[in-house]
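Participant: just need the structure, nothing else, for what follows:
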Amino acid sequence: MQDGLIHLDNVTRLYTTGSRQLYALRDVSLSIHAGDFVAIVGPSGSGKSTMLNLIGGIDKPDTGSVWVDGVRVDVMSENALAKWRGANIGIVFQFFQLLPTLTALENVMLPMELRNTYSDQRRPRAAMALERVGLAERATQLPSELSGGEQQRVAIARALVNDPPILLADEPTGNLDTATGERVVELLLELNRTGKTIVLVTHEEMLARKASRIVRVRDGKIKEGNE
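Facilitator: Numbering: from 1, shown residues only. Presented below is the predicted three-dimensional model:
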C-alpha cells in the first residue's frame, strides 16, 4: 500500500481489438490525498476515463495495483466491489443515467434502496440531498421535466445520498452549456469544501483550472501542472 487516500501503482491497462493492442494507460502511478479536488484532463482517448474507472473499481488494470483508503480494489470480487463502492464512492456520469419513470426524489432514493441503507430515513435523506443541490422544489418532477443542468444536479444528489467520502465525476459538464457547466463545477467545489475528495474528468481547460490540482493525461501517461 502507498501514501494517499487513492493510489495507482504502476498501472497499465491494455485493450485488444482484433489484432490491435491499444494502451489506455501505460505504467501510471498517481496519489490523491483526502480532501483533494483533482481534475484529470486530456483529449478523447487519452486514458482519463479509464483512470477514473480503475479508481471506482469499474475496471481492473492488466498490471499494477489500485488502492483506495487502504483497500486494494483491483483484487476484490465483483460482489465485494459492489458493497465497497456503494459505501465509499459516488459516481456522476456525463449522461446523467436517471431512470425516466422515477421522480427526482425517487432517483435519489435508489442507491439507498439498492444498498439497503437508511431504511426508515430514505425519503428525508433524499429530500435533504436535493435541497443541498438546490432542487428541493423539483423533487416530484420526472427527468423529462427537468433541464440538463437540473438532471445533472439530481445525479450529484444521488451520488451523495449514501455520504461516500469520494466523488468521481466523468465529464459531468459534457452535455451542458457553458454557464450551466460552471454552476455544476461550483457545486463540486462547495462539496469539496465540506471535505469530499473530488476527482473530475474533463476536457474543458477553464473548468479544470477551478480544481486545486490538474493531472494531464496524453497517450496513456500523465503529467501534472496548471500551466
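Participant: how many other residues sit next to Val199?
Facilitator: Val199 sits with 25 neighbouring residues when counted by other CB atoms under 10 Å. Bear in mind the C-beta positions are built from the backbone N, C-alpha and C, glycine included.
Participant: so it, which of the three states?
Facilitator: Put simply, Val199 is strand when judged by DSSP: H, G, I helix; E, B strand; the rest coil.
Participant: ok, it touching Pro172?
Facilitator: No - using CB atoms under 8 Å, Val199 makes no contact with Pro172, being 11.3 Å away.
Participant: packing partners of the helix ranked longest in the chain?
Facilitator: Identified as the longest helix of the chain according to DSSP state H is helix 178-193. Secondary-structure packing of helix 178-193 (3 or more CB pairs under 8 Å, 6 or more residues apart in numbering; DSSP states H and E): strand 37-41, helix 148-160, strand 166-170, strand 197-202, helix 205-208.
Participant: now these in a markdown table, with distance to Arg85 and mean pLDDT?
Facilitator: Shown next, in a markdown table, are these (distance: least, CB to CB, whole Å; pLDDT from 0 to 100):
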| stretch | distance to Arg85 | mean pLDDT |
| --- | --- | --- |
| strand 37-41 | 19 | 95 |
| helix 148-160 | 11 | 91 |
| strand 166-170 | 10 | 94 |
| strand 197-202 | 14 | 94 |
| helix 205-208 | 25 | 86 |
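Participant: for these, which one sits closest to Glu137?
Facilitator: Proximity to Glu137, assessed across the helices and strands packed on helix 178-193 by CB to CB, is greatest for helix 148-160 (10.5 Å).
Participant: contacts for the closest one next, please.
Facilitator: Applying CB atoms under 8 Å, 6 or more residues apart in numbering, the contact partners of helix 148-160 are 90-93, 96-98, 104, 107-108, 110-111, 126, 129-130, 132-135, 138, 141, 143, 146, 167, 172-173, 175-177, 180, 183-184, 187-188, 191, 196.
Participant: quick one: buried residues of that helix?
Facilitator: Using 16 or more other CB atoms under 10 Å as the test for burial, helix 148-160 gives 149-160.
Participant: one step back: can you redo the helices and strands packed on helix 178-193 as TSV with distance to Gln121?
Facilitator: Output for these, formatted as TSV (distance: least, CB to CB, whole Å):
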stretch	distance to Gln121
strand 37-41	29
helix 148-160	14
strand 166-170	21
strand 197-202	24
helix 205-208	34
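Participant: can you map out the strands along the chain?
Facilitator: Applying DSSP state E to the chain gives strands spanning 6-17, 20-32, 37-41, 63-68, 71-72, 89-92, 166-170, 197-202, 213-218, 221-224.
Participant: which one of those strands lies closest to Arg122?
Facilitator: strand 89-92 (16.2 Å).
Participant: and that closest one, what's buried?
Facilitator: By 16+ other CB under 10 Å, the buried positions in strand 89-92 come out as 89-92.
Participant: Arg216 is nearest to which of the helices and strands packed on helix 178-193?
Facilitator: It is, among these and with distance given as CB to CB, strand 37-41, at 5.2 Å.
Participant: now do that closest one: distance to the chain's middle.
Facilitator: Distance of strand 37-41 from its chain centroid, counting by CA atoms, centre = their mean, to the nearest Å, is 11 Å.
Participant: what packs against that strand?
Facilitator: For strand 37-41, the elements it packs on are helix 48-55, helix 178-193, strand 197-202, helix 205-208, strand 213-218, judged by 3+ CB pairs under 8 Å, 6+ apart.
Participant: that older thread, biggest separation within the buried residues of strand 89-92, which pair?
Facilitator: Ile89 and Val92 (10.7 Å).
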